[in-house]
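In: this is a predicted model, with the sequence first.
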Amino acid sequence: MSHTSRSQSPRSRTPRSRTSRSRAAVGAFAGAAVLAAAGASVPAFAGSPAPPPVRAGVNGPAYDRVADFYGAYVDAVTDQGAGRLGPQLRSFYLTSDLRTRLARWEGREHADGVLRAQDVPRAWKVTAGDSGAGHTWSTVRLTWGSAQHPTYTYLTVQSDLSTKKISDIRQKG
């Protein structure tokens with residue numbers, strides 16, 4: 001009897017063990033589904049492909065428009081084969097008056113008036129500033145040089161609150 005009991009015991013444990021593992025896996029999967037539904041980050045199961053990167057945007061405050069402009073403009077100037085993209089971006093994001101003043105400045109300085117430089121920065125950053133009298137100001141930091149030895153220039157960019165168009169660009173300091 002004890003021999004029969006021993007031989008049945010391993011068999012009877014095997015199904016319970018598999019059932020326990022199945023329940024644990026189902027529980028883990030259900031828990032992961034609940035977390036995912038709640039917006040939590042859930043690690044991917046081994047062998048599953050990672051989700052593709054996602055970027056989003058909204059029509060937000062004027063300094064977001066300044067960031068959009070500088071991001072697109074730096075790309076357009078970097079990719080010199082972009083042809084008319086730089087002027088098209090200027091036409092869309094900048095007021096007519098500013099475009100006229102930039103053309104005069106560029107004729108005198110022989111540099112890009114949007115960047116206030118003859119070269120193209122390797123990075124940019126926009127920080128919101130104060131607002132008043134129908135305008136808002138942003139600070140644009142342009143990064144030059146290598147990652148090991150960066151240098152920065154700062155621009156004050158004025159935007160009209162009603163149109164969100166950039167109406168002035170000046171070098172700080």
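Out: Ah, there it is. Residues are numbered from 1 along each chain as shown.
In: for the rest of this, base every contact and every neighbour count on C-alpha atoms.
Out: Noted.
In: so for residue 60, what's the pLDDT?
Out: Here, the pLDDT recorded for residue 60 equals 77.
In: against residue 84, how distant is it?
Out: Counting by Cα to Cα, to the nearest Å, the gap between residue 60 and residue 84 amounts to 26 Å.
In: repeat that for residue 113.
Out: When Cα to Cα is applied, the distance between residue 113 and residue 84 equals 16 Å.
In: more neighbours: which of those two?
Out: residue 113 (21 against 10; other Cα atoms under 10 Å).
In: shouldn't the more buried one be in contact with residue 105?
Out: Yes: using Cα atoms under 8 Å, residue 113 is in contact with residue 105, at 6.5 Å.
In: mind listing the strands for this structure?
Out: The residue ranges that make up the strands of the chain, judged by DSSP state E, are 123-132, 135-145, 150-160, 166-171.
In: among the ones you listed, which is nearest residue 94?
Out: Nearest to residue 94 among those is strand 166-171 (4.7 Å), distances taken as Cα to Cα.
In: which outside residues touch that closest one?
Out: The contact list for strand 166-171 (Cα atoms under 8 Å, 6 or more residues apart in numbering) reads 66, 93-95, 97-98, 113-114, 116, 153-160.
In: tell me the angle of that strand relative to strand 135-145?
Out: Going by axes from the mean of the first three to the mean of the last three Cα atoms, to 10 degrees, strand 166-171 is angled at 40 degrees with respect to strand 135-145.
In: alpha carbons of strand 166-171, as CSV, please.
Out: Only the C-alpha atoms of strand 166-171 are listed here, as CSV (Å, rounded to 0.1, in the frame of the first residue of the first chain):
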residue,chain,number,x,y,z
ILE,A,166,7.1,84.9,-33.9
SER,A,167,7.4,88.6,-34.1
ASP,A,168,10.9,89.3,-32.9
ILE,A,169,14.2,87.4,-32.3
ARG,A,170,17.1,89.0,-30.4
GLN,A,171,20.3,87.7,-29.0
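In: what residues sit buried inside it?
Out: Buried positions in strand 166-171, judged by neighbour count with 16 or more other Cα atoms under 10 Å: 166-169.
In: now the angle from that strand to strand 150-160?
Out: Strand 166-171 runs at 150 degrees relative to strand 150-160, counting by the same axes, to 10 degrees.
In: output the lowest mean pLDDT helix or strand found in this structure.
Out: helix 2-37 (a mean of 44; mean pLDDT, DSSP states H and E).
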